[in-house]
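Participant: this one's sequence-less:
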Ligand SMILES: O=P(O)(O)O[C@H]1O[C@H](CO)[C@@H](O)[C@H]1O
Ligand SMILES: O=c1cc[nH]c(=O)[nH]1
């Protein structure tokens, strides 16, 4: 039976799902890295695929841009399809001076400005953190692969275009490395339903300096991040 936003039948998703924001990145990951990948959902062109990796079932499902979209797909994957592990593979913009273009950030925690997140614990703030088991596997895999990485906290924003620039100084002061738009949402769904989640993200641009990866550099570094994600979930 399909869910509200996915037309995959019951059992169509593996217990582990790799999740980029972009549906075409989901297609690319499935076609490039999975064996026998089949498309399982295409509602709104938000594509999902299931195949295998190193002999184990693995799915790839896009979650779109922003917290509301990610909350919908993550919630339905877990509640409707019984998914147990979600690993976001995204892009992010660096705000911390120590972070370099191409760095892969393993997101230990994600602060957020999202109003949706404020509805979780009533008057309290929910601390969106990665599942330690996945975090440890990602760090060990990055070391084994020799992948340049940073472990730290990021910021999940509802805004891509900020009207005021001073927010970046404040984030860097709190040792936040980079901004993206979904990690806290993915972590919060995992916490709500008792499953595992991790987000890793490639620094595609440096918000402070304006430096950005070329199209070719994006491809190479995204491949490194995807390989790290696959190593993490298959460790
Ligand atoms: O590259 P993805 O995974 O989409 O992630 C980042 O890119 C999008 C903004 O351009 C947002 O979804 C942000 O989180
Ligand atoms: O959300 C994002 C993703 C990449 N770069 C940014 O500046 N923001």
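Facilitator: Done, it's in. Quantities reported herein were computed from a predicted structural model and do not represent experimental measurements. Ligands and ions are numbered 1, 2, ... in the order given.
Participant: Nearest residue to the middle of the chain?
Facilitator: residue 88 (2.1 Å; CA atoms, centre = their mean).
Participant: wait, it sits on residue 61?
Facilitator: No. In this structure, residue 88 is not within contact of residue 61 by CB atoms under 8 Å, at 10.4 Å. No exception for glycine: its C-beta is placed from N, CA and C like everyone else's.
Participant: what residues do those two have in common as contacts?
Facilitator: Taking CB atoms under 8 Å, 6 or more residues apart in numbering as the contact rule, residue 88 and residue 61 both touch residue 19.
Participant: picking up where we left off before, the helix or strand where the residue nearest to the centre of the chain lies pairs with which strands?
Facilitator: Under the criterion of DSSP states H and E, residue 88 resides in strand 85-94. According to DSSP bridges, strand 85-94 forms sheet pairs with strand 16-19 (parallel), strand 176-180 (antiparallel), strand 196-206 (parallel).
Participant: Write out the residues of this structure neighbouring ligand 2.
Facilitator: 91-93, 160, 179-181, 204-205, 207 (CB under 6 Å from any ligand atom).
Participant: roughly how far apart are the nearest residue to residue 195 once chain neighbours are set aside and ligand 1?
Facilitator: Of all residues not flanking residue 195 in the chain, residue 84 sits nearest, at 4.9 Å (CB to CB, 6 or more residues apart in numbering). Residue 84 sits 21 Å away from ligand 1, going by CB to the nearest ligand atom, to the nearest Å.
Participant: residue contacts, residue 71?
Facilitator: So residue 71 contacts 116, 185, 188-189 (CB under 8 Å, 6+ apart).
Participant: Now tabulate these in CSV and tack on pLDDT.
Facilitator: Listed next are those as CSV, based on pLDDT from 0 to 100:
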residue, pLDDT
116, 92
185, 98
188, 98
189, 98
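Participant: The residue in the chain that ligand 2 sits nearest to bridge partners, please.
Facilitator: Of the chain, the residue with the smallest distance to ligand 2, taken as CB to the nearest ligand atom, is residue 93 at 2.4 Å. Counting by DSSP bridges, residue 93 is bridged to residue 179, residue 205.
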